[in-house]
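Visitor: the following block contains a protein sequence and its predicted model.
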Amino acid sequence: MEIGITEGSYENLQEITEINKICFSGTKTIEQIKEKLSLSIYENPHITIAKINGKIIGYGMGYFETGKEYYFWMLGVLPEYRKHGAGKKILEEQINFAKAKGYKKFLLKTSNKYRNMLRLTISLGFDIIGFKINEWGKDSAIWMSLNLE
């Protein structure tokens, strides 16, 4: 199974939204994604897509946030294509993009319930820099950082 990684665009947002619905119970609409990426406070929004045989099977997106920090906002891979390296390839491409743009830190937030994401980020050298426990524990927010210098 050959996974191709390419730069995405706003033209891919319909497919990204469909993947988002499957991965995260439809937490974001096209309008919400466009609005977030087009806010003037966010510079250099960057979309990465993973494809197999021309079909988008995963996506990742992030943007410049503050100072020299890049914030990785979302990552989703269709369940039937997980455990084949698509998520890792997407995240690595986003990290390489941030490095090429001169960012010093790569930040993301995940949740305690996304164990595969935690394993992936730790395997790539990310550090846990913050944690917020909610009353149930499972959806606790975990902030992570990768030094790009």
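Guide: Cool, the structure landed.

Visitor: in stretch 97-109, what's buried?
Guide: Residues of stretch 97-109 classed as buried: Phe97, Ala98, Tyr103, Lys105, Phe106, Leu107, Leu108 (neighbour count, 16 or more other CB atoms under 10 Å). In short, each C-beta sits where N, CA and C put it, glycine included.

Visitor: any idea how far that stretch is from the chain center?
Guide: How far stretch 97-109 lies from its chain's middle: 12 Å, per CA atoms, centre = their mean, to the nearest Å.

Visitor: likewise stretch 105-124?
Guide: Taking CA atoms, centre = their mean, the mean C-alpha location of stretch 105-124 is offset from the chain mean by 10 Å.

Visitor: for stretch 15-24, same thing?
Guide: 13 Å.

Visitor: can I get it in CSV, CA atoms only?
Guide: The C-alpha trace of stretch 15-24 is given here as CSV (Å, rounded to 0.1, in the frame of the first residue of the first chain):
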residue,chain,number,x,y,z
GLU,A,15,-12.9,15.5,1.8
ILE,A,16,-11.1,16.6,4.9
THR,A,17,-14.5,17.4,6.6
GLU,A,18,-15.8,14.0,5.6
ILE,A,19,-12.7,12.3,7.2
ASN,A,20,-13.1,14.5,10.2
LYS,A,21,-16.7,13.4,10.7
ILE,A,22,-15.6,9.7,10.7
CYS,A,23,-12.5,10.3,12.9
PHE,A,24,-14.0,12.8,15.4
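
Visitor: show me the buried residues of stretch 97-109 that map onto helices.
Guide: Cross-referencing these against helices under DSSP state H gives Phe97, Ala98.

Visitor: using JSON lines, lay out the buried residues of stretch 97-109 together with distance to Lys89 and pLDDT.
Guide: Compiled in JSON lines, those are given as follows (distance: CB to CB, whole Å; pLDDT from 0 to 100):
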{"residue": "Phe97", "distance to Lys89": "13", "pLDDT": "94"}
{"residue": "Ala98", "distance to Lys89": "15", "pLDDT": "93"}
{"residue": "Tyr103", "distance to Lys89": "19", "pLDDT": "91"}
{"residue": "Lys105", "distance to Lys89": "21", "pLDDT": "95"}
{"residue": "Phe106", "distance to Lys89": "16", "pLDDT": "96"}
{"residue": "Leu107", "distance to Lys89": "20", "pLDDT": "95"}
{"residue": "Leu108", "distance to Lys89": "16", "pLDDT": "94"}
